[in-house]
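Q: structure, please.
(4 chains, ligands or ions: 4)
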Amino acid sequence: MTVTSDRTSDRTTDRTTDLPPAPAPAPFPTGTQRLPMAKALNLGMRRALANDPRALLMGEDIGRLGGVFRVTDGLFAEFGEDRVVDTPLAESGIVGTAIGLALRGYRPVCEIQFDGFVFPAFDQITTQLAKMHYRSQGRLTLPVVIRIPFGGGIGAVEHHSESPEALFAHTAGLRVVSPSTPADAFTMIQQAIASPDPVIFLEPKGRYWEKGDVDLDAPLPAPHGGTSDLDHARVVRPGTDVTVVAYGPTVATALKAADAAAAEGTSLEVVDLRTISPLDTATVAESVRRTGRCVVVHEAPVLYGTGAEVAARITEECFYHLQAPVLRVGGFHTPYPVAKLEHDYLPSLDRLLDAVDRTLAF
Amino acid sequence: MTVTSDRTSDRTTDRTTDLPPAPAPAPFPTGTQRLPMAKALNLGMRRALANDPRALLMGEDIGRLGGVFRVTDGLFAEFGEDRVVDTPLAESGIVGTAIGLALRGYRPVCEIQFDGFVFPAFDQITTQLAKMHYRSQGRLTLPVVIRIPFGGGIGAVEHHSESPEALFAHTAGLRVVSPSTPADAFTMIQQAIASPDPVIFLEPKGRYWEKGDVDLDAPLPAPHGGTSDLDHARVVRPGTDVTVVAYGPTVATALKAADAAAAEGTSLEVVDLRTISPLDTATVAESVRRTGRCVVVHEAPVLYGTGAEVAARITEECFYHLQAPVLRVGGFHTPYPVAKLEHDYLPSLDRLLDAVDRTLAF
Amino acid sequence: MIPTGPAADGPLTDDGLVQLLTPAGERVPHPEYDAWVADLDPDRLRAMYRDMVLTRRFDVEATALQRQGELALFAQSLGQEAAQVGSGHALRPQDHVFPSYREHGVAQARGLEMTQLLRLFRGVDHGGWDPAERNFHLFTLVIGSHTLHATGYAMGVQRDGLVGTGDPERDAAVVTYFGDGATAQGDVSEALVFASVNRAPVVLFCQNNQFAISEPTTRQATVPIAHRAPGFGIPAVRVDGNDVLATYAVTRQALERARSGGGPTFVEAFTYRMGAHTTSDDPTRYRTSEQEEHWRRRDPIERVRAYLDGVGELPEVFQAQLASEADAFGEHLRTAVRGMGRPSGPSMFEHVYATPHAVVDAERAWFEQYEQSFVDHEGHQSGGHR
Amino acid sequence: MIPTGPAADGPLTDDGLVQLLTPAGERVPHPEYDAWVADLDPDRLRAMYRDMVLTRRFDVEATALQRQGELALFAQSLGQEAAQVGSGHALRPQDHVFPSYREHGVAQARGLEMTQLLRLFRGVDHGGWDPAERNFHLFTLVIGSHTLHATGYAMGVQRDGLVGTGDPERDAAVVTYFGDGATAQGDVSEALVFASVNRAPVVLFCQNNQFAISEPTTRQATVPIAHRAPGFGIPAVRVDGNDVLATYAVTRQALERARSGGGPTFVEAFTYRMGAHTTSDDPTRYRTSEQEEHWRRRDPIERVRAYLDGVGELPEVFQAQLASEADAFGEHLRTAVRGMGRPSGPSMFEHVYATPHAVVDAERAWFEQYEQSFVDHEGHQSGGHR
Ligand SMILES: Cc1ncc(C[n+]2csc(CCOP(=O)(O)OP(=O)(O)O)c2C)c(N)n1
Ligand SMILES: Cc1ncc(C[n+]2csc(CCOP(=O)(O)OP(=O)(O)O)c2C)c(N)n1
Ligand SMILES: [Mg+2]
Ligand SMILES: [Mg+2]
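A: Ligands and ions are numbered 1, 2, ... in the order given. Here you go, the predicted structure:
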């Protein structure tokens, strides 16, 4: 028995729109520019697509629309539908086919539209993407990047404000990173694409529109090896009294807290973790050995969150230096609440300073 | 246009087998019996099915076959295919339809065949099962149990030996528990089925065949409220020098370590956590305040594992009582290795004692 | 050799759509489906028309409220009123609905207090209503997930012995709504598997509005979506989703099949999302104004209005009454939304579990004491940074 | 009205199966598929027969090794040799295979060093071979996942411009194998979606061996599995999976369609798992010995043997040679498996990442020092507890 199909469409045919062609892309900007993080990510991907013909972007609505956050804006027009691919609405399919493409030598960069929608792909990420290099004794490499706009603060409905980093970092085989500034976003997305390992790339969506200086001409550091790689934390503000460990969206909160604390005579050292897996314990421990106190702040729920690992490890490494237990500030053990309550839920400047006070008073 | 279907099968029709009817079930045993954990679980479910007409079991191969571990052995014969349901091979479908059944007032108990196969259901568990009670402001309750044979030590191939508890415990709305003895297995599975909350029920498959006394006539304690509920840890061996926190498969390891240590003059107190969410910090802290030292042992990878939370929380609560940092013994940050290496990977008696030595020497 | 039907123009073809009303509002006969609308009297038709008009008003008001900053987001059902209201009217009170997030017309047909739908979009609630009140389940935002819940629920209805009893007051069915984009999700295919194998009394109702945000249905499928179901053993029907009569008819037939024990049916209602995906969307980036204009001329409300008018069943007094009812409805929505207050902070700790959970309790206690500290010490140093 | 074919006897019907050899080994003509086997010479047929015989021997030896404790587990392909070897022989060297975990016959047809397959079952490797060597990907144990990898890989082949060039040495296709049970998984349906929308050069090859462990195919579907694909826009064919000629023919056609740019094809090879699911399984709990006996009489090897014998193409010398080749193969397998040593402990830290990872490095260093401590202090107190 043969079952014929009446398929008549082709993947290159799209009869529903007949939009005018997009204008020619503007030349790649140069020099140091003040850019929002979304634009920095856009330029980072643009450069990667231009430099590496095997790189491609895949995801829902990333093409003509430029993504719901416009992070891929203009890239469809510049690189075409074969490099910037609007996929079917199926996250497992996106990551699963990306794995296949990677096995064929491509470097797929998948956009998951919102944090809460990565879970249909959780199986492919956890059982396949993370483990295939190991399963093959290193014969297969999986240079796949999974971009996830994550975190809250944008007044969104359910599933649009989550912070699932610990769920990925617990699984060996994945690298999990998050930039906190436009400059890091520009560099780190290119490093993630260049990395031979699968990278979960968490973009703090609440910071997409905050601006920062980006040196667009600086040479790209290697993704691994060296201190400007994907594997290192960074002290972003030196201080002496308390080490505050943050990443992604909470780095800005920590820096503001440091300003506020400084005004009251307390000196906070802020470490931007940048990478959640690997965890750069050395940089944090070096700081805590000097300050003797540590507070970790992230948006994800505290219970079984990233901060638990930082606290456990730092306590083990710095036991005799600690003047107080490592304190954690983060989301509560509730689903992400309704938008009107998210500012009660999120670790605010005040809650961070409250923890700083508590650690100092210990 | 109408598209007709040529379906001819019915869910009650199964034309491939024409097996003789099973023998009438043996009467429910009474008194205190020495039983393997698999049998204790079987009897616990048998009692729940008998007592609650809304309870039903669903999963792959749980019917005629009795499950690949035979934990549901005989239940299909006794309760029929409507109460012990062989589902299609689709874990998201199993949990998704279980949610629907629960909304209709049923109490589905889903078996996931092996730990590594829970991930296709991860989305349904994380975004739906865990959150629907909250989403509905308490109007909907989701009394669903997800049974997962978990952990290693059985010489299995990939995906058959994992310990994903931290991945569930991080998500609010789920309860995560694991019995370590046949007696607890018998009680806890019934409590889990009786609980109005979704329960991830982790069965230490490596201990399925270890026997223990089970009092089959004891009244069932309420699932929540009271100290014999699903929410409490238990000191299973009192001691004075070091608190060892374990759960599921590692409790037996901890008890053997306590024997070995006692022979060398060190007194270990062993706490069986029993519940990972909620985490019963009070019971652990009470112990650590007495011993001043704590080691957590689980099979899951240490990095971002359950032990991190125990360590962070206990350090915060017992800072001035701790003579040494809380140490963790567990799996490494690698995929679960090949069977021939699993005994190097798993937290052994020796590795636990090594940590005990280290904490004493601190 | 199993043919799957005439060579079709991909998933956006209008081949083989059941239609009872032409776009101009003329009634055309249909051998199979005429019977399913034979007993529809003018009152009932006007009731459908009314629900469509009020649903449209709901969309317009909610969109305006969003623009005014009263709602964080809103997703219109604009253009899909016939598919939603037609299918909603085919339901009996004891039937159950598992909507996606755009089924305002179904809610209206079910008689839900419509302001409740806006709690979610205002950001004061993740749900907003009691699903038991009108057998209308909460909106589900994770695409496709709820099709499995609907299937499981239908399996429960079946277990309860409420299928095929022959008693029209008892036999019940379940309907679940989802979009064309959703059909790509594994969960929706699994729902087809479970529905088929269990002969579940569920109607899988796909509103093919031709877009999943910016992606046309051609990115999800190469043949009409309805073709999918028979391969899972589920009969399917394609219907003109801008035709409220036709949608009513096919859904009624499908529900009746479900209630009587005939198992699941897949309905593809072919329609068009006349508005943006949500208030955050900008459709000019991905579709032409010509296309929008084409579909504006096929407005589902205009179609049934023309029909009723043509057969002399739309008296002016009814129209006038409906207009003032719609105005009052608008006023009611605006007032209700503006009055939806911010929930209390500690309420975020409620209903995480049905029973106490030590970690939640401890965090709540900490939070309340922390909140209190601002009240107690107004000049407290941290408080100053708020 | 789109019919989906003749009313069928559920998913276990043998309606409409392409067959070229009867169970008795008689060649029956087929208007469509005769052409696809026309150029098969006796040598090639004997090569298939040989691969089937050796695959059977592989199963027998591996099962024995498992019983002796040399393997932890084993999954036989018993009964499925025609489906596997027939389809495997239809491949060109540049084609790619994404197997499930039971495709020993395909591996044999690809010329894989078969002992490598047993590393996984011995527990010394999660993979065991270099996928690039024979374009034979690693086994995937999570049901259905690899169908998406195959589809993505095929999309890559297409991007590489290796489809539809017309050069038989260059045009390439991908085939992926999965079971009847797997078709219930969302991932397999998503693979159909992605394959269809991308017109990917992939053949989706379902071996319907009538069981998913203990569950008959009737628990996964109510109509034949092959019916599913056309609803996704993918042509499908049902073939007698115990007929090596027919399987070869339909797979060859499907691969050719893929290579030439015609897109994906779904093949359902209807067969029977003659053995247990794995060495851990006990089929007496869920199926009758009558059924097993019925299918033993339809043994795929016997069928092609009878055919070759009937046409005088199975000389005794060939048979004798094959018998001794099989014996040598058995010996080779036994020796190789017994010689597969335990990997070193620290090797478990290798290849977690392609580049150094601080946590892995630290844990490995700790582990090596810990291991060393037993060597250094033989009487060390902890060492004593081993
Ligand atoms: C699993 C998942 N992935 C992505 C999204 C983001 N998203 C919301 S609506 C939508 C498009 C849905 O299209 P369709 O199913 O056709 O329904 P429509 O909005 O057209 O009614 C997407 C991609 C989501 N909600 N859930
Ligand atoms: C996601 C997942 N769920 C469950 C299992 C356990 N399991 C292994 S094989 C199998 C049955 C597979 O049946 P089928 O797809 O028909 O393939 P067959 O074994 O018959 O070749 C099951 C349930 C698994 N490997 N993966
Ligand atoms: Mg749509
Ligand atoms: Mg099978």
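
Q: got the residues of the stretch 201-350 of chain A near chain D?
A: Within the stretch 201-350 of chain A, the positions adjacent to chain D are A:P223, A:H224, A:G225, A:D231, A:S277, A:P278, A:L279, A:D280, A:T281, A:A282 by Cβ under 8 Å from any Cβ of the partner chain. To be clear about C-beta, it is placed using only N, CA and C from the backbone, and glycine gets the same treatment.

Q: how about the last one, what does it touch?
A: What it means is A:A282. The contact partners of A:A282, taken as Cβ atoms under 8 Å, 6 or more residues apart in numbering or on different chains, are D:A358.

Q: where does chain A dip in pLDDT?
A: Residues of chain A meeting the criterion pLDDT under 70: A:1-18.

Q: of all of it, which residue lies closest to ligand 3?
A: Relative to ligand 3, the nearest point of chain A is A:L89 (8.9 Å; Cβ to the ion).

Q: now the residue lying closest to that residue once chain neighbours are set aside: how far from ligand 2?
A: Spatial nearest neighbour of A:L89, excluding adjacent residues (Cβ to Cβ, 6 or more residues apart in numbering or on different chains): C:G181 at 3.9 Å. According to Cβ to the nearest ligand atom, to the nearest Å, C:G181 and ligand 2 sit 25 Å apart.

Q: which residues does C:G181 contact?
A: Applying Cβ under 8 Å, 6+ apart to C:G181 gives the contacts A:P88, A:L89, C:I143, C:F211, C:A212, C:I213, C:E215, C:T217, C:Q220.

Q: JSON lines for the residues you listed, including distance to ligand 2 and neighbour count?
A: Output for these, formatted as JSON lines (distance: Cβ to the nearest ligand atom, whole Å; neighbours: other Cβ atoms under 10 Å in any protein chain shown):
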{"residue": "A:P88", "distance to ligand 2": "21", "neighbour count": "24"}
{"residue": "A:L89", "distance to ligand 2": "22", "neighbour count": "29"}
{"residue": "C:I143", "distance to ligand 2": "21", "neighbour count": "26"}
{"residue": "C:F211", "distance to ligand 2": "32", "neighbour count": "23"}
{"residue": "C:A212", "distance to ligand 2": "27", "neighbour count": "24"}
{"residue": "C:I213", "distance to ligand 2": "30", "neighbour count": "21"}
{"residue": "C:E215", "distance to ligand 2": "28", "neighbour count": "26"}
{"residue": "C:T217", "distance to ligand 2": "29", "neighbour count": "25"}
{"residue": "C:Q220", "distance to ligand 2": "24", "neighbour count": "26"}
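
Q: residues of chain A that sit close to ligand 4?
A: Selection of chain A residues close to ligand 4 by Cβ under 5 Å from the ion yields an empty set.

Q: quick one: the helices in chain A?
A: For chain A, applying DSSP state H gives helices covering A:37-51, A:75-79, A:91-103, A:122-123, A:132-135, A:165-169, A:182-194, A:250-263, A:281-291, A:306-317, A:342-345, A:349-361.

Q: now check the fourth one, is it near chain C?
A: No - Helix A:122-123 stays clear of chain C (Cβ under 8 Å from any Cβ), getting no nearer than 9.6 Å.

Q: that helix: how far from the chain's middle?
A: On the basis of Cα atoms, centre = their mean, to the nearest Å, helix A:122-123 sits 18 Å off its chain's mean C-alpha point.

Q: that one close to ligand 2?
A: No - shown here: helix A:122-123 not in contact with ligand 2 (Cβ under 6 Å from any ligand atom), separated by at least 7.5 Å.

Q: could you see whether ligand 1 lies near that helix?
A: No - using Cβ under 6 Å from any ligand atom, we find that helix A:122-123 stays clear of ligand 1, coming within 11.4 Å at best.
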